[in-house]
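Enquirer: missing the sequence, but the structure's below:
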């Protein structure tokens with residue numbers, strides 16, 4: 001029986017400016033996600049967890065914590081962008097529309113540029129613009145992200161035992 005390698009992410013040489021990645025997974029946000037993330041990040045704003053309070057705002061219902069949204073959309077992009085990388089920063093984060101409990105979020109990234117790392121010759125640096133959008137195609141977040149990515153032949157290996165049954 002042959003062992004089939006699974007997807008292990010892109011390396012620096014795989015990226016070209018202008019490439020667009022439509023990330024394959026979507027994720028429906030639940031009330032539990034919103035409440036837990038708000039509590040984990042010690043965010044006491046009642047707009048995220050008090051339905052009575054939120055009903056009195058222009059939104060009429062609880063908003064999903066925006067830091068959850070950036071974490072979720074970043075996560076949706078990892079398999080295509082940063083599986084073999086290290087985040088260096090996020091810039092120009094914009095939240096043009098709210099996210100509500102029950103929304104399903106999808107993401108797409110465009111590679112803006114790439115360059116060699118001056119400090120680490122086995123890595124390069126890429127910059128992407130990522131947008132997250134809901135089930136109706138409404139953009140709910142956009143940001144630029146800079147990632148240091150390993151070059152081919154330099155990605156650390158994950159130890160795999162030889163399992164025989």
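Expert: Right, received. Where do you want to start? In this text the structure is predicted, and so the values were computed from the model without any measurement.
Enquirer: how near is residue 151 to residue 124?
Expert: Distance of residue 151 to residue 124, computed by Cβ to Cβ, to the nearest Å: 6 Å. Yep, even glycine has a C-beta here, placed from its N, CA and C like the rest.
Enquirer: what is the neighbour count of the residue nearest to residue 115 when sequence neighbours are not counted?
Expert: Distances taken as Cβ to Cβ, 6 or more residues apart in numbering place residue 125 nearest to residue 115, at 5.4 Å, with adjacent residues excluded. Neighbour count of residue 125, defined by other Cβ atoms under 10 Å: 20.
Enquirer: if you average pLDDT over the helix or strand hosting residue 125, what comes out?
Expert: Element membership of residue 125 [criterion: DSSP states H and E] is strand 123-133. Averaged over strand 123-133, pLDDT sits at 98.
Enquirer: repeat for stretch 158-165
Expert: In this model, stretch 158-165 carries a mean pLDDT of 77.
Enquirer: which parts of that stretch are buried?
Expert: Neighbour-count burial for stretch 158-165, counted by 16 or more other Cβ atoms under 10 Å, picks out no residue.
Enquirer: that one: how far from the chain's middle?
Expert: Relative to the centre of its chain, stretch 158-165 is centred 30 Å away, using Cα atoms, centre = their mean, to the nearest Å.
Enquirer: kindly state the beta-bridge partners for the residue nearest to residue 115.
Expert: For residue 125, the beta-bridge assignment (DSSP bridges) gives partners residue 115, residue 148.
Enquirer: check contacts around it.
Expert: 88, 114-117, 146-149 (Cβ atoms under 8 Å, 6 or more residues apart in numbering).
Enquirer: is residue 144 in a helix, a strand, or coil?
Expert: With DSSP: H, G, I helix; E, B strand; the rest coil as the basis, residue 144 sits in strand.
Enquirer: so which strand or helix has the nearest residue to it once chain neighbours are set aside?
Expert: Distances taken as Cβ to Cβ, 6+ apart place residue 91 nearest to residue 144, at 4.5 Å, with adjacent residues excluded. Secondary structure from DSSP H and E places residue 91 in strand 85-94.
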